[in-house]
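>>> Kindly generate the corresponding structure for this input.
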Amino acid sequence: MTLTLDQALKIPGHQSDGRWDLPFLSASNPKLLKTAGLAHQAVGLTLYPEVPGVSLCGFRSIGCGKSCLKSSGRGAMHSTTDCRVRRAIRFLSDPARAVEQIDNEARRWFTKISATGQEMALRLNVLSELDWSSFEAGRWFLDRWHDRINLYDYTKNPDMDRLDRWRYHLTFSRTERNWSDCLKWIDAGKPVAVVFGQALPWDYLGLPVQDATSHDFRFLARPGYLQGLIALGKGKRDRTGFVVWS
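Numbers count the residues shown, from 1 in each chain. The predicted structure follows:
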């Protein structure tokens, strides 16, 4: 099941180093930067997906774990990994305080982006998969922001309706073991993302494929199309079935 903050906080050892000067939100992730000419600008929360004793991706498969983007690009640098781990531990050590800081940062980003004429899009799980509806501070944040910005994420949690009340747009991620769930999302008219090993095909298993590599905004996806991504980092060597090879 998806990890809740209550579950995570029962695991010992997640204590902040006492410094809260590191920002939680950023627009520097390479995919979030692909906004030129678009009506939206993306900001994201990048927590390292695992810290000692707990995974922040409760639905990950063996394949997606081995292909995780945590180590691609700047994620291969120790300094980047250290920042992501520190954010995750601070979030787990005091989620209410972390969400309060995220709210303050979101207000600054909202003002900055609105001044450009763009709309703000916020991805709260760039590398993790925390269920923000499962803890009080998370629900408070969603209540405050759902009608002002575009909330969106990728997910492997098959519960497609859990965040609908907050207009939180979810794209389901195919793994080597969840195609039956993918079909349920497709039948419901909701987007499904598939990672391919080489050039994107025109279709996959009879379903048309849309190029999802040009930007991160899957809430702009064409209805009825699979969202095609290209394997990066360790995913280029995947043979578990997570990455689809033609």
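>>> Quick one: distance of the lengthiest helix in the chain to the chain centre.
Looking across the chain with DSSP state H, the single longest helix is helix 95-114. Its chain's C-alpha centre and that of helix 95-114 lie 17 Å apart, by C-alpha atoms, centre = their mean, to the nearest Å.
>>> And the next helix or strand past it?
strand 119-123 (DSSP states H and E).
>>> Run through the neighbouring helices and strands of that following strand.
strand 40-45, helix 95-114, strand 150-155 (3 or more C-beta pairs under 8 Å, 6 or more residues apart in numbering; DSSP states H and E). Glycine gets a C-beta too; all of them are placed from N, C-alpha and C.
>>> for the record, mean pLDDT for it?
Across strand 119-123, pLDDT averages out at 96.
>>> May I have the residues that are in contact with the residue of the chain most remote from its centre?
Distance from the C-alpha centroid of the chain peaks at Gly206, with 27.0 Å (C-alpha atoms, centre = their mean). Contacts for Gly206 were tallied using C-beta atoms under 8 Å, 6 or more residues apart in numbering; there are none.
>>> How many residues are close by Leu45?
25 (other C-beta atoms under 10 Å).
>>> thinking it is in contact with Pro23, fair?
No - counting by C-beta atoms under 8 Å, Leu45 does not reach Pro23; the two are 9.9 Å apart.
>>> the strands in the chain, which residues?
For the chain, the strands defined by DSSP state E occupy 25-26, 40-45, 50-51, 54-55, 119-123, 150-155, 169-173, 192-196, 203-204, 207-211, 226-230.
>>> Present these as TSV; the columns should include distance to Cys64.
Converted to TSV, the strands of the chain look like this (distance: least, C-beta to C-beta, whole Å):
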stretch	distance to Cys64
strand 25-26	23
strand 40-45	18
strand 50-51	12
strand 54-55	12
strand 119-123	17
strand 150-155	10
strand 169-173	7
strand 192-196	8
strand 203-204	17
strand 207-211	19
strand 226-230	12
